[in-house]
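Visitor: model this:
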Amino acid sequence: MAGTASAEVTLRVRYAETDAMGVVYHANYLIWFEVARGELFSQCGTDYTHWEKQGYYLPVTEISARYLAPARYSDDVVVRAWLDSFRSRQIVLAYEARDRQTGQLLAAGKTVHVCVNCQGRAVPIPADMRALFEGSLET
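Guide: Numbering: from 1, shown residues only. You can find the predicted model right below:
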């Protein structure tokens, strides 16, 4: 994976993140994906607020997740995010959540983001944002 832009965060499952069956409620994985996404931008040399100040936004336009095994209260979960692909106006990020102790894959997902301006119109991804990800596609 050398040369691949990716980021990992380790999160401990909080009781409030579990459901009546004692497992992590499915929507919490989407929040964890967002945490890893923010870390990915930071590790690439900027954070999301930098782009907002420049007048660019990356709203999620599509999301998918596949749940493979449960996480439970107090488990440590490693969430990894990486750039899957990009086009002139679109970025696709991929994610995986694994049990830190066993390495078991718990969930995998993707988010699709379209670059928009302050008026909400789709615009090309700015050159400096593209440059952050050049050569960093997962192979």
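Visitor: mind checking the backbone torsions on Lys53?
Guide: Comment: the main-chain dihedrals of Lys53 come out as phi -60, psi -30, following degrees, to the nearest 10.
Visitor: so for it, what pLDDT did the model give?
Guide: In the prediction, the pLDDT value recorded for Lys53 is 92.
Visitor: how close does it get to Ala27?
Guide: Plainly put, Lys53 is 29 Å away from Ala27 if you go by Cβ to Cβ, to the nearest Å. Placement of C-beta: from N, CA and C, glycine included.
Visitor: now swap in Thr111 and tell me
Guide: As judged by Cβ to Cβ, Thr111 and Ala27 stand 14 Å apart.
Visitor: also Gly45?
Guide: Relative to Ala27, Gly45 is positioned 30 Å away (Cβ to Cβ).
Visitor: so where's this protein shaky on pLDDT?
Guide: Counting by pLDDT under 70, the chain contains low-confidence ranges at 1-4, 134-139.
Visitor: ok, for the residue nearest the centre of the chain, nearest residue in space, not its chain neighbours?
Guide: Within the chain, the residue whose C-alpha comes closest to the C-alpha centroid is Arg37; the distance, by Cα atoms, centre = their mean, is 3.4 Å. With Cβ to Cβ, 6 or more residues apart in numbering as the criterion, Arg37 has its nearest non-adjacent residue at 5.1 Å, and that residue is Ala81.
Visitor: all strands for the chain, in order.
Guide: Under the criterion DSSP state E, the chain carries strands at the ranges 6-12, 60-67, 76-86, 90-99, 105-114.
Visitor: many thanks, have a good one.
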